[in-house]
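Peer 1: Here's my sequence, what's the structure:
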Amino acid sequence: GGQLGLGTADKSRDAPVQLPWVGDAAQVVAGYEFSAMLSRDGRVWVWGKGDSGQLGPGRTSSLVPVVVPLP
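Peer 2: Okay, here's the model as predicted:
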């Protein structure tokens, strides 16, 4: 859960929800139980379930978007 990035473990909503950070998005992708965003400033953000490394090294889940540290 958490792939909505709303700070809850919700996996879905019955109605559209305005995401406060979406205005910064250049691109958003969704995977199985996780999501990712490339922000306009070039940072990569991830959230949701990451037990197979989807959210980057050392992170197994996040209920809110977090920046992926890039080399």
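Peer 1: what's the nearest residue to Val64 if we skip its chain neighbours?
Peer 2: Spatial nearest neighbour of Val64, excluding adjacent residues (Cβ to Cβ, 6 or more residues apart in numbering): Gly7 at 5.1 Å. Every residue, glycine included, has its C-beta placed from N, CA and C.
Peer 1: For the one you found, give its distance to Gln27.
Peer 2: Distance, Gly7 to Gln27, by Cβ to Cβ, to the nearest Å: 22 Å.
Peer 1: The residue nearest to Val64 reaches Ser62, doesn't it?
Peer 2: No - with contact defined as Cβ atoms under 8 Å, Gly7 does not count as touching Ser62 (9.7 Å).
Peer 1: Look at the two and report which has more neighbours.
Peer 2: The neighbour comparison of Gly7 against Ser62 (other Cβ atoms under 10 Å) goes to Ser62, with 20 against 12.
Peer 1: did I read that right, Gly48 in a strand?
Peer 2: Yes - with DSSP: H, G, I helix; E, B strand; the rest coil as the criterion, Gly48 is assigned to a strand.
Peer 1: okay, now Gly2: neighbour count?
Peer 2: Look at Gly2: counted by other Cβ under 10 Å, it has 21 neighbours.
Peer 1: need the contact list for the residue nearest the centre of the chain.
Peer 2: The centroid of the chain falls nearest to Trp47 when counting by Cα atoms, centre = their mean (2.9 Å). Counting by Cβ atoms under 8 Å, 6 or more residues apart in numbering, Trp47 touches 2-3, 5, 34-36, 55, 62-66.
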